[in-house]
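In: coords please:
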Amino acid sequence: MISKGFIKFSGLIAMLWLFASQCFAHEMRPAFAQLVETEEGASANVRVSATLRQPLVPGFRPDLALDLGGCRLGAEIISQRQEGTLIQSWQEYCDQTLSQSTLAIRNLYPGVSEVLVSITHLNGSVQRFVVRPDNPVVNLGEADSPLVSAYLELGIEHLLAGLDHVLFVIALMVLITGRWRLVATITAFTIAHSITLALSTFELLQISQSAVEALIALSLLFMAVEMLSKSPSLTANYPWAISFGFGLIHGLGFAGVLREVGLPNDVALWALLLFNVGLEIGQLVVVVACLFMSFLIRNWQRKITAVQDFSLGNLLPAYFIGPISVWWLLQRLPVLG
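Out: The predicted model follows:
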């Protein structure tokens, strides 16, 4: 039986590793490009309506650009900013159909992991593929990769790269005792964030992303205070209610990523489902990693005095999560105004 003390200690090690790996790194997010062939004139020119959504990464200019071979810009690029996203739209005129053209992605910058591309051809067929930094030039007549599956990868990457979400899951593992209580608590968190993820993605529930990010930081601060409590905490007494309530908030945070990159209109539900499955896979990786580290520490306990006499209990995880959550809260509060 894995003791609670070992889970706390391994959770602390996991948090330190996550913090060290992300202190100097930005969360990787994809951009989304949509190209639609709208008409073919007498001169055989094809008009293409283009839309590019790219994440705004602090410290970097959003210089991402699309270069269609054999095409020329037909009108001025219209740009607008939404929360965390730069959206650009324009038209191009091409000497041939897109299936005979090439697409080059220029000026990829840190924070953009890949570009999800969707092309609607004149005959109504839809072509989807992913452009990555190691191969930024694509022959559109040959490109064909499962764009929808990229949303599965996006869900996994977002959960593992989102330090605030990972810390919340680890905090639950520290506070909740009992295998099945922990399983039920994580399940409640999963159900809750799945609900708000779907509602927010389809614009049935709209809350400012700035407010959501501040509330997520506040949820971590709450968990840190819970770990410092000498009496049985609210999370320990009502684990499902607490995890479900905060899961609703974290789901709104997950939805912010999908709003940044957008969803393919004709397969939006399928892409959303795969993104959510990706989140659960990432969440499972965190839980399994903590339990595995706990298993290793348990087997090495006779050689590690610090673990045998580990008496700080919840204090070290709380002292780690608490200051980070306060820092994030102070960062995110000013933008609410």
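In: show me what contacts F254?
Out: F254 sits next to 158, 165, 193, 197, 275, 279 when contact means CB atoms under 8 Å, 6 or more residues apart in numbering. Every C-beta, even on glycine, is put in place using the N, C-alpha and C of the backbone.
In: now it: how far from W240?
Out: F254 is 20 Å from W240, where distance means CB to CB, to the nearest Å.
In: same deal with V115?
Out: 40 Å.
In: swap in Q82?
Out: 35 Å.
In: assumed R61 was part of a helix.
Out: No. Counting by DSSP: H, G, I helix; E, B strand; the rest coil, R61 is not part of a helix but coil.
In: what about it, how many residues nearby?
Out: Other residues lying near R61 total 10 when counted by other CB atoms under 10 Å.
In: do the same with A217
Out: 21.
In: try I176
Out: When counting by other CB under 10 Å, one arrives at 23 neighbours for I176.
In: kindly report the same for G178.
Out: As a measure of burial, G178 has 11 neighbours, counting by other CB under 10 Å.
In: ok, N107 next?
Out: 12.
In: got the contact list for it?
Out: Going by CB under 8 Å, 6+ apart, N107 touches 63-65.
In: list buried residues within these.
Out: The neighbour-count test (16 or more other CB atoms under 10 Å) marks L64 as buried among those.
In: higher neighbour count, Q82 and W240?
Out: Neighbour count, other CB under 10 Å: between Q82 and W240, W240 has more, with 18 against 12.
In: ok, the more buried one touching T185?
Out: Yes. Using CB atoms under 8 Å, W240 is in contact with T185, at 6.0 Å.
In: pull the most distant pair out of the contacts of F254.
Out: Taking CB to CB, the two most distant members of the contacts of F254 are H165 and F275; they sit 13.7 Å apart.
In: return the set of buried residues in the helix ranked longest in the chain.
Out: Identified as the longest helix of the chain according to DSSP state H is helix 268-300. Buried positions in helix 268-300, judged by neighbour count with 16+ other CB under 10 Å: 268, 271-276, 278-280, 282-283, 286-287, 289-291, 293-294, 297-298.
In: can you give the distance of the longest strand seen in the chain from its chain's centre?
Out: The longest strand of the chain (DSSP state E) is strand 29-40. Remark: strand 29-40 is offset 22 Å from the chain centroid, using CA atoms, centre = their mean, to the nearest Å.
In: hmm, who's touching that strand?
Out: The contact list for strand 29-40, computed with CB under 8 Å, 6+ apart, reads 46-55, 57, 64, 66, 68, 97-98, 111-122, 150, 154, 158, 257, 260-262.
In: report the distance from the following helix or strand past it to the chain centre.
Out: Per DSSP states H and E, the first helix or strand lying C-terminal to strand 29-40 is strand 46-55. Taking the mean of its C-alpha atoms, strand 46-55 sits 23 Å from the chain's own mean (CA atoms, centre = their mean).
In: pairing partners for strand 46-55, with directions?
Out: When sheet partners are counted by DSSP bridges, strand 46-55 sits next to strand 29-40 (antiparallel), strand 85-94 (antiparallel).
In: what ranges do the helices span in the stretch 1-150 of the chain?
Out: Assigned by DSSP state H, counting those that start in this stretch, the helices in the stretch 1-150 of the chain fall at 4-22, 147-161.
In: can you flag the weakest of those helices by average pLDDT?
Out: For the helices of the stretch 1-150 of the chain, mean pLDDT drops lowest on helix 4-22, to a mean of 49.
In: how is this protein partitioned into domains?
Out: Following automatic domain parsing, one finds the domains of the chain at 4-26+162-336, 30-147.
In: out of these, deepest packed?
Out: Counting by mean count of other CB atoms under 10 Å, domain 4-26+162-336 has the highest mean neighbour count of the domains of the chain, with a mean of 18.
In: before we move on, back to that, reformat the strands paired with strand 46-55 as JSON lines; add distance to S219 and mean pLDDT.
Out: Shown next, in JSON lines, are the strands paired with strand 46-55 (distance: least, CB to CB, whole Å; pLDDT from 0 to 100):
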{"stretch": "strand 29-40", "distance to S219": "22", "mean pLDDT": "82"}
{"stretch": "strand 85-94", "distance to S219": "24", "mean pLDDT": "88"}
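In: for those, could you give me JSON lines that also reports distance to L228?
Out: As requested, those are exported to JSON lines (distance: least, CB to CB, whole Å):
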{"stretch": "strand 29-40", "distance to L228": "34"}
{"stretch": "strand 85-94", "distance to L228": "37"}
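In: and of the ones you listed, who's closest to L220?
Out: L220 lies closest to strand 29-40 among the strands paired with strand 46-55, at 21.0 Å (CB to CB).
In: kindly calculate the angle that the closest one makes with helix 147-161.
Out: Using axes from the mean of the first three to the mean of the last three CA atoms, to 10 degrees, one finds that strand 29-40 and helix 147-161 are set 160 degrees apart in direction.
In: kindly export strand 29-40 (C-alpha atoms) in PDB.
Out: Taking Å, rounded to 0.1, in the frame of the first residue of the first chain, the C-alpha atoms of strand 29-40 are listed here in PDB:
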ATOM      1  CA  ARG A  29       0.300  26.400 -28.900                       C
ATOM      2  CA  PRO A  30      -0.700  25.800 -32.500                       C
ATOM      3  CA  ALA A  31      -1.800  28.400 -35.000                       C
ATOM      4  CA  PHE A  32      -4.800  27.700 -37.300                       C
ATOM      5  CA  ALA A  33      -5.000  28.600 -41.000                       C
ATOM      6  CA  GLN A  34      -8.200  28.300 -43.100                       C
ATOM      7  CA  LEU A  35      -8.100  28.700 -46.900                       C
ATOM      8  CA  VAL A  36     -11.300  28.700 -48.900                       C
ATOM      9  CA  GLU A  37     -11.400  28.700 -52.700                       C
ATOM     10  CA  THR A  38     -14.400  30.900 -53.500                       C
ATOM     11  CA  GLU A  39     -14.600  31.300 -57.300                       C
ATOM     12  CA  GLU A  40     -12.900  30.700 -60.600                       C
END
